[in-house]
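# heads up, no residue letters with this:
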């Protein structure tokens, strides 16, 4: 039991931190532009594919460094020459633009890399068990994922709260005109944040690709969950996104690791249903089966009981 | 230093400024007076590029029309808005650092000097700007603009909602700023502070300049004050 709990926690933390890398960029971009970037998870996918191609020629580590840069530069260019122009036409136009962009990236990925799953491998140097507990191995690559994610979180926190550029970004989120009047190039800051946000998504793709498989549907799989996270955390709240990411990661991990079914729960209350009942499929469900929908259930609960999210603020 | 000629501005289809012309020389304190709604704030917002300008705005000989707000600020024109716009979640020190255009810049004002001048700000350096009193926020907002080392600052209603003692302090600070060669355009509704510290005054009415003179001449022009300033 303890071994299941420990490994479920570790896996939940890995997933949660990975989700945070995506949610952090999405939250920052939303805070600045006031619009959800529906193409955000597509940059995550693009990161994985770019890193896969680079790794074929130059190895995993070059891909780890270069792919997020490529995705970040692409994101910055899209902000500069696409989103900024569309911004003048309002939020609806921006949403439609990011929707279209998501489709464009997905189709492009399928066009250039094909529809099959890519054999994107983790590096050989990390192909060993970091530790063995209760007879179960925890791979070094998952440890590496945690290290990268924690490093990014600490770096992001340090930059945003302890550096001048971070202070400017924080101020530009809430008071862009005032920041411009103080001599700071706000559009350039926005472009930089968009680029950094997409680069983070790309980095998440690079490190997730070998574990969660690199295929054209990977953006769709994670994209919806990332939106759930930013809503649960509170739109625009980075700390909220962090808490929600870990919450979702752990929730799903515990659900998958558990061996509890509806039948077990009903038995606790002394209810027993026959197996030939027309609704038998319903109470035949197990928690691992409903794990993928748990984030959405949580989203509904949060929207009912705390519509602003965990750390979000109500708009005045 | 600042030469505004035949400036027009619009909010949508509303014509707000109808050919405003005035100038401010180096180290001078000039007040722009007038009742609410005559276009004083719009004038400074237009000069800063927040509202699209039509006409000519020359600063240190260079045309500002068509330039963005941050480019104008980089040319040495500072702006303290009416609503103060303190960054409430940032500390006093962070608010001041934000005013610096570059970490390498060594201007007329340093953090230490600002803290020496305002012990209140120094004592509360690590407190969030949002919890300061109105007077402290006004001081912080002015000091934040000074950290960018402007050659001229435009201050919109700095005494709005402040106690008389704080208004006195604001006036003293403006004079101290001018002594260091920084020109000041003071946008005010109350003409008492403007008359005390200004070298010249302009009065606006109906979106244009309707009077230009010195504080002494304005004091003698009872009819002008009655028509354009007194409520």
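It's in. Because the structure is predicted, anything quoted here is derived from the model rather than measured.
# Quick one: distance of stretch A:263-271 to the chain centre.
In terms of CA atoms, centre = their mean, to the nearest Å, the centre of stretch A:263-271 is set 36 Å apart from its chain centre.
# buried ones in it?
Buried residues in stretch A:263-271, defined by neighbour count with 16 or more other CB atoms under 10 Å in any protein chain shown: residue A:263. In short, each C-beta sits where N, CA and C put it, glycine included.
# mind checking which helix or strand of chain A has the lowest mean pLDDT?
For chain A, counting by mean pLDDT, DSSP states H and E, helix A:280-283 ranks last in confidence among helices and strands (a mean of 75).
# Helices of chain B, start to end?
Applying DSSP state H to chain B gives helices spanning B:40-47, B:69-74, B:92-99, B:111-117, B:119-123, B:134-146, B:164-179, B:191-197, B:215-220, B:222-228.
# Near chain B, which residues of the stretch 101-250 of chain A? Just list them.
Counting by CB under 8 Å from any CB of the partner chain, the residues of the stretch 101-250 of chain A lying close to chain B are A:164, A:167-168, A:170-171, A:174-175, A:177-186.
# residue in chain B nearest to chain A?
In chain B, the residue that lies nearest chain A is residue B:73 (3.6 Å; CB to the nearest CB).
# nearest spatial neighbour of that residue, skipping sequence neighbours?
Nearest non-adjacent residue to residue B:73, counting by CB to CB, 6 or more residues apart in numbering or on different chains: residue A:183, 3.6 Å away.
# That neighbour belongs to a helix?
No: judged by DSSP: H, G, I helix; E, B strand; the rest coil, residue A:183 forms no part of a helix; its state is coil.
# what sits against it?
B:70, B:73, B:74, B:101, B:148 (CB atoms under 8 Å, 6 or more residues apart in numbering or on different chains).
# Not counting residues beside it along the chain, what's closest to the residue nearest the centre of chain B?
The centre of chain B sits closest to residue B:155, judged by CA atoms, centre = their mean, with a distance of 1.4 Å. Nearest non-adjacent residue to residue B:155, counting by CB to CB, 6+ apart: residue B:80, 4.4 Å away.
# Could you pull up the contacting residues of that neighbour?
Under the criterion of CB under 8 Å, 6+ apart, the neighbours of residue B:80 are B:141, B:142, B:145, B:153, B:154, B:155, B:156, B:158.
# Repeat that for residue A:85.
With contacts taken as CB under 8 Å, 6+ apart, residue A:85 has no neighbouring residues.
# so where does it fall, helix or strand?
Using DSSP states H and E, residue A:85 maps to helix A:84-87.
# Below-threshold pLDDT in the chain: ranges please.
As the question left the chain open, I've gone with chain A. Within chain A, the stretches with pLDDT under 70 are A:313-316.
# other chain: chain B
Within chain B, the stretches with pLDDT under 70 are B:104-106.
# Close to chain A: what parts of it are there?
Residues of chain B found near chain A (CB under 8 Å from any CB) are B:48, B:50, B:68-70, B:73-74, B:78-79, B:81, B:85, B:87, B:89-90, B:94, B:97-101, B:103, B:144-145, B:148.
# ok so, going back, name the residues of the helix holding residue A:85 that come out as buried.
A:84, A:86, A:87.
# Just to check, the second one is in contact with residue A:97?
Yes: counting by CB atoms under 8 Å, residue A:86 sits close enough to residue A:97 to count as a contact (4.5 Å).
# Which residues does the helix or strand following the least confident helix or strand of chain A contact?
Moving toward the C-terminus from helix A:280-283, the next helix or strand (DSSP H and E) is helix A:287-290. With contacts defined as CB under 8 Å, 6+ apart, helix A:287-290 is touched by A:255, A:256, A:257, A:258, A:259, A:260, A:261.
# Turn those into a markdown table, columns for secondary structure and distance to residue A:211.
Shown next, in a markdown table, are the contacts of helix A:287-290 (DSSP: H, G, I helix; E, B strand; the rest coil; distance: CB to CB, whole Å):
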| residue | secondary structure | distance to residue A:211 |
| --- | --- | --- |
| A:255 | helix | 19 |
| A:256 | helix | 14 |
| A:257 | helix | 17 |
| A:258 | coil | 21 |
| A:259 | coil | 23 |
| A:260 | coil | 26 |
| A:261 | strand | 28 |
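# For residue A:132, what is the enclosing helix or strand?
strand A:129-133.
# Parallel or antiparallel, list what pairs with the helix or strand just after that strand.
Using DSSP H and E, the helix or strand that follows strand A:129-133 in sequence is strand A:136-139. If you go by DSSP bridges, strand A:136-139 pairs up with strand A:129-133 (antiparallel).
# Buried residues, the partner strand. List them.
Under 16+ other CB under 10 Å, strand A:129-133 has no buried positions.
# Pick out the residue in chain A sitting closest to chain B.
For chain A, CB to the nearest CB, closest residue to chain B: residue A:183, 3.6 Å.
# So what does that residue look like in phi/psi?
Note on residue A:183: backbone dihedrals following degrees, to the nearest 10 are phi 100, psi 10.
# Same question for residue A:70.
Residue A:70 adopts backbone torsions of phi -60, psi -50, taken as degrees, to the nearest 10.
# so what's it up against?
By CB under 8 Å, 6+ apart, the neighbours of residue A:70 are A:50, A:202.
# how close does it get to residue A:144?
21 Å (CB to CB, to the nearest Å).
# What of residue B:126?
Relative to residue A:144, and taking CB to CB, residue B:126 is found at 37 Å.
# Neighbour count for the two, which is higher?
Using other CB atoms under 10 Å in any protein chain shown, the more surrounded residue of residue B:126 and residue A:144 is residue A:144, with 18 against 9.
# Next one: the more buried one from residue A:245, what distance?
Separation of residue A:144 from residue A:245 (CB to CB): 18 Å.
# what do you get for residue A:36?
Residue A:36 is 16 Å from residue A:245, by CB to CB.
# Same check on residue A:55?
Separation of residue A:55 from residue A:245 (CB to CB) stands at 26 Å.
# Buried residues in the helix or strand encompassing residue A:220, which are they?
For residue A:220, the element it lies in under DSSP H and E is helix A:218-233. Within helix A:218-233, the residues scored as buried using 16+ other CB under 10 Å are A:218-219, A:222-223, A:225-233.
# For the residue of chain B closest to chain A, which residues are in contact?
A:180, A:181, A:182, A:183, B:48, B:79, B:101, B:148, B:150.
# same question, residue A:198
A:25, A:40, A:43, A:71, A:72, A:74, A:75, A:76, A:78.
# that older thread, what's the closest of the contacts of residue B:73 to residue A:204?
Using CB to CB, residue A:180 comes nearest to residue A:204 of those, at 31.4 Å.
# Let me know whether the closest one touches residue B:68 as I believe.
Yes: using CB under 8 Å, residue A:180 is in contact with residue B:68, at 7.1 Å.
# ok, these two, which is more surrounded?
The residue with more neighbours, out of residue A:180 and residue B:68, is residue A:180; 24 against 16, by other CB under 10 Å.
# ok, back up a step: mind checking how far the residue of chain A closest to chain B is from residue B:47?
Residue A:183 is 15 Å from residue B:47, by CB to CB.
# now swap in residue B:75 and tell me
Residue B:75 is 11 Å from residue B:47, by CB to CB.
# Residue A:55 too?
Taking CB to CB, one finds residue A:55 at 55 Å from residue B:47.
# Cool, thanks, signing off.
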